[in-house]
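Asker: need a structure here:
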Amino acid sequence: MIPLEWMPPVMFAGLVVFMLFGYPVAFSLSALGLGFGFLAIGSGFFTFDFLQAIPGRIFGGILANELLLAIPFFTFMGAVLEKCGLAEDMLDSMGQLFGPIRGGLGYSVIIVGFILGAITGTVAAQVIAMALISLPVMMRHKYDMRYATGVLAASGTITQLVPPSLVLVVLADQMGKSVGDMYLGAWGPSLVQIALFASYTWLLTLVRPNALPGIPVEDLTLRGWPLWRKCLWGIVPSAVLIFLVLGTMMLGLATPTEAGAMGAVGSIVLAVIRHPRLGRAGRIAFVAGMVCCAIGIGLGMAGLFKSVPFKIAFGLMYLAVAFLCLRAAQIVELRGLMVQACRSTMRLTAMVAFILVGATCFSITFQGVDGGLWIEHMLTSLPGGAWGFLLFVNLFVFFLAFFLDFFEIAFIIVPLLTPVAQTVLAPIVGADAALIWFGVILCVNMQTSFMHPPFGFALFYLRGVAPPEVKSSDIYWGAIPWVFLQLIMVALVVAFPVLVTGLLDAPINVDLDKMRIVLPDVPELPPATFK
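Answerer: Numbering: from 1, shown residues only. Model prediction:
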């Protein structure tokens, strides 16, 4: 018979053992939750009725959760954009734009990684696409191999932090916070991280100029206006899609699910307008749709939301979008691309759903045996108060990332830490911003899970597409400086909360004891008379 106070640590230790044996996380969580649940019932810690919360939570909190619909939409959007040629064009144009300066190819990879992160949200797509295109060019121009592999892997993982990151969606759901606020909080750290990456590249050009040479001007295939036109052809549609997804959400015009749906449709439109078989009718439809959209936005800014011209403008834009989506279905390559995107979306969505079901079984039993109190007592008794809590949690998550995927950390660990974080961090940044700050810190930290062994998936993706002459040792050693840069970013976000809270709405402090409700004087109406 296990005493009640031993049940939480034994459950947690059991989870670690299952992970070390390599069992699938979803089924390990379910087995532990149900197994210890029946053990707790036999020990009299709670009754069988307590476990009825499991199906209620699964059907009411997971399958009926509209926020989680954003995951398949963003996944589909990233899968479509992965194959439509956008990354290739942007890397080629940016490489030629920055190439002549020292470290120019590195700068181009960092910038394109940031832009792709804001429209795809998938690490695998970015790392593979950028490695296939940029790594041979870097090798041809004698770039240091460790720098080349490191910057490709690190620039691919930035998508975990740049909105619309799936990690931020999941963290917002698990913490019960707004996705829009989580996105606003992540913008500052993501821009600072890009600046860190670029600064490291610049320092290397000073210390080791021969390791990051510039491309000779005679090797450039585009110059002048043709080069700028190709750059704009990649950046402008991407900016439109970013606004379609993030702008509408942050302006309060769409929920995260609706923004994800618009992003999925927008990715199809972006893929079809870039295809050489679009045709004249497709180009006319695209231009007409853009014009109608601009007219509709102008009318909306003038306050004419309910006017007939506003409705006609957006009605014509929707017709143009529908025509372009139909055109995409008629092109064989794009039709196959959408089928592949649907398959990868279904696989990821099923994985997330099963992990959530397993995490629900585990967390309900864990709470039933006072696991929440055990976690709270352990973390609140740490020396150093809030800063000791943040230090311990970041070290804990960093080492968990050696063995667990970010989905598993978010679904298993974050719900246990959230109540303590709300209590401990509220005095520093306020009750409203505490969990946003904590969530962004965890998001920056979990980026490292893609960059360090033994399960550094970004390194695996890079190894899979790199030429045979690239040594695995160069890939792993090349990742180390970038992992340190990501850890520096964690320290900056912890030390300067304003990086996260600066864009958030200021909390409204109201003293309820001094609040008065004043009703206007209403003239007394004469008594009603009936004839």
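
Asker: so for residue 331, what's the nearest residue that isn't a sequence neighbour?
Answerer: Once flanking residues are discounted, residue 331 sits nearest to residue 277: 5.4 Å by Cβ to Cβ, 6 or more residues apart in numbering. C-beta coordinates here come from the backbone N, C-alpha and C atoms, glycine included.

Asker: in three-state terms, label that neighbour for me.
Answerer: Residue 277 falls in the coil class when you classify it by DSSP: H, G, I helix; E, B strand; the rest coil.

Asker: count the residues that sit near it.
Answerer: Number of residues near residue 277 (other Cβ atoms under 10 Å) recorded here: 12.

Asker: do residue 388 as well
Answerer: 15.

Asker: what's near enough to touch residue 138?
Answerer: Residue 138 sits next to 105, 148 when contact means Cβ atoms under 8 Å, 6 or more residues apart in numbering.

Asker: pLDDT averaged over stretch 458-477 - what is it?
Answerer: Mean pLDDT, stretch 458-477: 78.

Asker: alpha carbons of that stretch, as PDB, please.
Answerer: The C-alpha trace of stretch 458-477 is given here as PDB (Å, rounded to 0.1, in the frame of the first residue of the first chain):
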ATOM      1  CA  ALA A 458      16.300  20.100 -36.400                       C
ATOM      2  CA  LEU A 459      19.700  18.300 -36.500                       C
ATOM      3  CA  PHE A 460      18.100  15.100 -37.700                       C
ATOM      4  CA  TYR A 461      16.300  17.000 -40.500                       C
ATOM      5  CA  LEU A 462      19.600  18.700 -41.400                       C
ATOM      6  CA  ARG A 463      21.500  15.400 -41.400                       C
ATOM      7  CA  GLY A 464      18.900  13.800 -43.700                       C
ATOM      8  CA  VAL A 465      19.200  16.400 -46.500                       C
ATOM      9  CA  ALA A 466      22.900  17.400 -46.100                       C
ATOM     10  CA  PRO A 467      25.400  16.100 -48.700                       C
ATOM     11  CA  PRO A 468      27.500  13.100 -47.600                       C
ATOM     12  CA  GLU A 469      30.600  15.200 -47.300                       C
ATOM     13  CA  VAL A 470      29.000  17.100 -44.400                       C
ATOM     14  CA  LYS A 471      30.100  15.400 -41.200                       C
ATOM     15  CA  SER A 472      27.600  14.700 -38.400                       C
ATOM     16  CA  SER A 473      30.200  16.000 -35.900                       C
ATOM     17  CA  ASP A 474      30.100  19.400 -37.800                       C
ATOM     18  CA  ILE A 475      26.300  19.500 -37.500                       C
ATOM     19  CA  TYR A 476      26.300  18.800 -33.700                       C
ATOM     20  CA  TRP A 477      29.200  21.000 -32.800                       C
END
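
Asker: just the buried residues of it, please?
Answerer: By neighbour count on 16 or more other Cβ atoms under 10 Å, the buried set for stretch 458-477 is 458, 459, 460, 461, 462, 463, 466, 470, 474, 475, 476.

Asker: looking at those, which are in helices?
Answerer: 458, 459, 460, 461, 462, 463, 474, 475, 476 (DSSP state H).

Asker: report the contact partners of the first one.
Answerer: Contact partners of residue 458, counting by Cβ under 8 Å, 6+ apart, are 123, 127, 153, 154, 156, 157, 450, 451, 479.

Asker: want to try TSV for these, with secondary structure and distance to residue 147 as columns?
Answerer: Compiled in TSV, the contacts of residue 458 are given as follows (DSSP: H, G, I helix; E, B strand; the rest coil; distance: Cβ to Cβ, whole Å):
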residue	secondary structure	distance to residue 147
123	helix	20
127	helix	16
153	helix	11
154	helix	10
156	helix	15
157	helix	16
450	helix	18
451	coil	14
479	helix	11
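
Asker: burial count for residue 181?
Answerer: By other Cβ under 10 Å, 22 other residues sit near residue 181.

Asker: any idea of the pLDDT on the residue nearest the centre of the chain?
Answerer: Geometric centre of the chain, nearest residue: residue 165, 1.3 Å, by Cα atoms, centre = their mean. Note for residue 165: predicted pLDDT of 77.

Asker: what sits up against stretch 380-390?
Answerer: Contacts to stretch 380-390, defined as Cβ under 8 Å, 6+ apart, come from residues 379, 391, 392, 420, 421, 423, 424, 425, 427, 428, 441, 494.

Asker: so which of those residues wins on neighbours?
Answerer: Going by other Cβ under 10 Å, residue 441 tops the contacts of stretch 380-390 with 25 neighbours.

Asker: from the ones in helices among the buried residues of stretch 458-477, pick the one nearest residue 31.
Answerer: residue 460 (27.5 Å; Cβ to Cβ).

Asker: surely residue 417 touches residue 393?
Answerer: Yes. The criterion here is Cβ atoms under 8 Å, and residue 417 meets it with residue 393 at 6.3 Å.

Asker: what touches both of those two?
Answerer: By Cβ under 8 Å, 6+ apart, the residues touching both residue 417 and residue 393 are residue 379.

Asker: just the mean pLDDT for stretch 488-507, thanks.
Answerer: What stretch 488-507 shows for mean pLDDT is 82.

Asker: how far does it sit from its chain's centre?
Answerer: 17 Å (Cα atoms, centre = their mean, to the nearest Å).

Asker: residues of that stretch that come out buried?
Answerer: Under the neighbour-count criterion of 16+ other Cβ under 10 Å, stretch 488-507 has 489, 490, 492, 493, 494, 497, 499, 500, 501, 504 buried.

Asker: list just the nearest of those to residue 407.
Answerer: residue 490 (19.7 Å).

Asker: circling back: which single one of the buried residues of stretch 458-477 is nearest to residue 272?
Answerer: residue 461 (27.1 Å).

Asker: pull the CA atoms of the helix or strand that contains residue 272 into PDB?
Answerer: Per DSSP states H and E, residue 272 falls inside helix 256-273. Extracted C-alpha coordinates of helix 256-273, given in PDB (Å, rounded to 0.1, in the frame of the first residue of the first chain):
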ATOM      1  CA  PRO A 256      -7.500  32.200 -33.800                       C
ATOM      2  CA  THR A 257      -9.500  29.400 -35.500                       C
ATOM      3  CA  GLU A 258     -11.000  31.800 -38.100                       C
ATOM      4  CA  ALA A 259      -7.500  33.300 -38.700                       C
ATOM      5  CA  GLY A 260      -6.100  29.800 -39.200                       C
ATOM      6  CA  ALA A 261      -8.800  29.000 -41.700                       C
ATOM      7  CA  MET A 262      -8.100  32.200 -43.600                       C
ATOM      8  CA  GLY A 263      -4.400  31.300 -43.500                       C
ATOM      9  CA  ALA A 264      -5.100  27.800 -45.000                       C
ATOM     10  CA  VAL A 265      -7.100  29.300 -47.800                       C
ATOM     11  CA  GLY A 266      -4.500  32.100 -48.300                       C
ATOM     12  CA  SER A 267      -1.800  29.500 -48.600                       C
ATOM     13  CA  ILE A 268      -3.700  27.800 -51.400                       C
ATOM     14  CA  VAL A 269      -4.100  31.100 -53.200                       C
ATOM     15  CA  LEU A 270      -0.400  31.900 -52.700                       C
ATOM     16  CA  ALA A 271       0.600  28.500 -54.100                       C
ATOM     17  CA  VAL A 272      -1.600  28.800 -57.200                       C
ATOM     18  CA  ILE A 273      -0.600  32.400 -58.100                       C
END
